[in-house]
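In: Just the structure for this:
(chains A and B)
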There are 2 protein chains.
Amino acid sequence: MVDIATRVHNHKWKIDPIVRSLIDTDFYKLLMCQSVFRNRPETQVTFSLINRATHIPLADLVDEGELREQLDHIRSLSLSRGESTWMRGNMFYGKRQMFTPEFMDWFEKLRLPPYHLERVGDQYELTFEGSWPEVMLWEIPALAVLMELRSRTVLHGMEKFELQVLYARAMTKLWEKVETLREIDGLRLADFGTRRRHSFLWQDWCVRAMHEGLGDKFVGTSNCLIAKNRDLEAIGTNAHELPMVYAALAQSDEELARAPYDVLSDWHEEHEGNLRIILPDTYGTKGFLENAPDWLAGWTGIRVDSGDPAKGAEMAIDWWKARGEDPSNKLVIFSDGLDEAKIAALHAQFSGRVRVSFGWGTYLTNDFRGLVPGDALAPFSMVCKAVAADGRPTVKLSDNPNKAMGPVEEVARYKRVFGVETQAAQPVEV
Amino acid sequence: MVDIATRVHNHKWKIDPIVRSLIDTDFYKLLMCQSVFRNRPETQVTFSLINRATHIPLADLVDEGELREQLDHIRSLSLSRGESTWMRGNMFYGKRQMFTPEFMDWFEKLRLPPYHLERVGDQYELTFEGSWPEVMLWEIPALAVLMELRSRTVLHGMEKFELQVLYARAMTKLWEKVETLREIDGLRLADFGTRRRHSFLWQDWCVRAMHEGLGDKFVGTSNCLIAKNRDLEAIGTNAHELPMVYAALAQSDEELARAPYDVLSDWHEEHEGNLRIILPDTYGTKGFLENAPDWLAGWTGIRVDSGDPAKGAEMAIDWWKARGEDPSNKLVIFSDGLDEAKIAALHAQFSGRVRVSFGWGTYLTNDFRGLVPGDALAPFSMVCKAVAADGRPTVKLSDNPNKAMGPVEEVARYKRVFGVETQAAQPVEV
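Out: Numbers count the residues shown, from 1 in each chain, chains lettered A, B, ... in the order given. This next block holds a predicted model:
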């Protein structure tokens, strides 16, 4: 029987909002936001959308009016009481009151700041300017909105059963991955797929399917709203944004060289245990580890997010050994361009030697490759990054030159300061 | 939002009924029923379930209590006003009032007669006795109930997302067939899959998917309830049951030899056009055609339901030519054990030479092969047949000795009377 009231109510929506909650975002954004709120609240930053897949004409695929409506809707959101209660009272990484009362008071009053949107050729220029803790929260919803609007455009032309079969195929595809992954003894895997998801409902489905299909091997999701709704662990630590902005703010080459460690020094004061995860690749993993202070070797683990992942992990293992640490107690989290085969291979290579974990993103929540003509639903590489801080450009090098960003002369300076030599280029798929 | 009333109402169901309507049956059963009601209303018949797949331990897979509940529920059904209006007023095969007021008056009052159910080893003995027009209507619901109860047993042990992926895979499988079939120019195909369907909801899904995916190439469904609900053509003509019972009633070999033609003579009076379809294989296609009266060659077409289908069609083409008919005006309906590859091959071989059409059954509505461990949802060959009429056993020979049925000495007599020589055996999958 149709619930008439629901149907009539649904007719009243002007749009079908993609992002309906401020916590429909990655857990690490909230952790970082609190850290920034505490340590660098006055910093002015600019975040900008960067579509690395320039062959995808985003501005042709996504209607500007619809995009504005979705972004405006996000600006209307504020933290609900239930969301606030969850953040204040839930245990994250074994700790209660992960978020301080001061931060929560601020977050409860937050509305996201204005955006700047302009069509340039077949792409959008989408930027956000303002204070760092506010602007940084645009990253994930902005990406999720663009990805899902692009999905909607493609789906719009499809008929009812065609759509049902499309999702049937996507479900089958994901389940085959589950069937492969659940054979791996000792696997630990989390969903990191919010930003590039096909859609919110699809991410929610994927997370629930993984939960049923993998049982304890599925350790949680980076998406706070889904973690809350489905009673799962919220997963995540920190990202390149912190060292990038800290580095941009450095007044000298000396300060610049120290910036990535200053970030982790602040983090060290705030977090312990499984939240003490080094993300070493912002300006090259090799140099970062060589020059790292000894206290960093005492941290719980490392996240490998660019370059050859096996090489990155071996480098960390050697580094721990050199610093007198036992790698078998250490955690290595792989999170770059994973799929089930890569997960299986990396697990086979490193399990036993270190504790291995996986943050699985795009090919978990958006593997629609090969499902529609012209592969029009295939995911693509789009990011939303801090490009400036207090008027100075940011730079990212990473362990893959194809992921580098920043003005040419600044990139050169950073390479010199951080002693980055020639790097092996890897294709950036997602 | 949950419709509370619906949910509470659903709690009140004692069972989840599989067959919920007397017209959840094949259209040809209703056509034949009317013919029997007119020509042989007093004949007493026995119908019996025959599980040809003796390796499937039906009585272990299907709980006797649940089976009784489902059969009892079917006995509680009567024609609804809307169903009666549809049968009385709808146009079938281009004709209004296909069903006479006399027949409808009778049908509106009908409740299905008692059943006899007994467990014998790991199988059920399920029989129905009484007047022919009443008992014959048990065939399809009895089969559908057994198939779906067996499905439910297997599905009972599966979890939520596992179930969703099961149906996702089944949908994908069907849609791949649709994608193959829609490339065939001039294809005409109907659903004949009621009796062996995985479940009612699944048949309904399959029919709607075919309707969307194949467009005009999908000409309708044999299931009257689905045809009515989905505004599709109800499809079907007649079956072996008619010549089998007419033959059993014959008092001499001479009468026996004439019986298959007597059936069609009665049918000739009642129907025209696309309903004048010969089903020639009950006692061997070859002999049937050789001895057929000339007026039969004037009929619209033939249905090929056993033996090598290409051979059967060639035989019909030769026969039409020999009787001075132009085969290119004739309709050949293939309906035995079809799948998309066989459909494509037969279409390629005969389209242009005759008008070709397909009645697609089991592998349309129950292709769950390979989808669960142990292939526990694979369809199997189960029928429900008239085994006696007025105390005399029935016999079926067909063009495949593996489909033959009846007492040995009677089979021998029929072979003699109908001049059936050695036949090539074909495996009976479904």
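In: Now for residue A:342: which residues touch it?
Out: A:309, A:334 (Cβ atoms under 8 Å, 6 or more residues apart in numbering or on different chains). Every residue, glycine included, has its C-beta placed from N, CA and C.
In: Which per-residue confidence value corresponds to it?
Out: As predicted, residue A:342 sits at a pLDDT of 98.
In: So it versus residue A:197, what's the distance?
Out: Between residue A:342 and residue A:197 the computed distance is 19 Å (Cβ to Cβ, to the nearest Å).
In: Run through the strands of chain A in chain order.
Out: Under the criterion DSSP state E, strands of chain A are mapped to A:44-51, A:115-120, A:123-131, A:189-191, A:218-221, A:277-278, A:301-304, A:331-334, A:355-360, A:382-389, A:392-393.
In: Tell me which of these sits nearest to residue B:401.
Out: Among the strands of chain A, strand A:218-221 comes nearest to residue B:401, with 54.8 Å by Cβ to Cβ.
In: right, and the strands of chain A - which one's nearest residue B:372?
Out: Closest among those, once you apply Cβ to Cβ, is strand A:218-221, at 22.7 Å.
In: what mean pLDDT does the closest one have?
Out: 98.
In: same for it, what does it pack against?
Out: strand A:189-191, helix A:200-214, helix A:224-230 (3 or more Cβ pairs under 8 Å, 6 or more residues apart in numbering or on different chains; DSSP states H and E).
In: of all the ones you listed, which lies closest to chain B?
Out: helix A:200-214 (4.4 Å; Cβ to the nearest Cβ).
In: Pull up the residues of the stretch 101-250 of chain A that are close to chain B.
Out: Where the stretch 101-250 of chain A comes near chain B, counting by Cβ under 8 Å from any Cβ of the partner chain, the residues are A:159-162, A:164-165, A:167-169, A:171-172, A:175, A:208-209, A:212-213.
In: Could you export stretch A:201-217 as PDB, keeping only the C-alpha atoms?
Out: Extracted as PDB, the C-alpha positions of stretch A:201-217 are listed here (Å, rounded to 0.1, in the frame of the first residue of the first chain):
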ATOM      1  CA  LEU A 201      22.500   5.300  -1.400                       C
ATOM      2  CA  TRP A 202      25.000   3.200  -3.300                       C
ATOM      3  CA  GLN A 203      27.800   3.800  -0.700                       C
ATOM      4  CA  ASP A 204      25.300   2.900   2.000                       C
ATOM      5  CA  TRP A 205      24.500  -0.300   0.200                       C
ATOM      6  CA  CYS A 206      28.100  -1.200  -0.400                       C
ATOM      7  CA  VAL A 207      29.000  -0.600   3.300                       C
ATOM      8  CA  ARG A 208      26.100  -2.800   4.400                       C
ATOM      9  CA  ALA A 209      26.900  -5.500   1.900                       C
ATOM     10  CA  MET A 210      30.600  -5.500   3.100                       C
ATOM     11  CA  HIS A 211      29.400  -5.700   6.700                       C
ATOM     12  CA  GLU A 212      27.300  -8.800   6.000                       C
ATOM     13  CA  GLY A 213      29.700 -10.400   3.600                       C
ATOM     14  CA  LEU A 214      33.000  -9.800   5.400                       C
ATOM     15  CA  GLY A 215      31.900  -9.800   9.000                       C
ATOM     16  CA  ASP A 216      34.700  -8.800  11.300                       C
ATOM     17  CA  LYS A 217      37.100  -8.300   8.400                       C
END
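In: and for it, what are the contacting residues?
Out: So stretch A:201-217 is in contact with A:167, A:170-171, A:174-175, A:178-179, A:181-182, A:184, A:187-189, A:191, A:193-194, A:197, A:218, A:221, A:223, A:226, A:229-230, A:232, A:364-366, B:159-162, B:164-165, going by Cβ under 8 Å, 6+ apart.
In: Ok, stretch A:83-92 next?
Out: Contacts for stretch A:83-92 (Cβ under 8 Å, 6+ apart): A:21-23, A:27, A:30, A:79, A:96-99, A:101, A:104, A:107-108, A:224-225, A:228, A:233-234.
In: Now a PyMOL select for only the buried ones of those.
Out: Listed next is the PyMOL selection for buried residues among the contacts of stretch A:83-92, using 16 or more other Cβ atoms under 10 Å in any protein chain shown:
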select buried, chain A and resi 21+22+23+27+30+79+98+99+104+107+108+224+225+228+233+234
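In: Filter the contacts of stretch A:83-92 down to just the ones in helices.
Out: Counting by DSSP state H, these place A:27, A:30, A:101, A:104, A:107, A:108, A:224, A:225, A:228 in helices.
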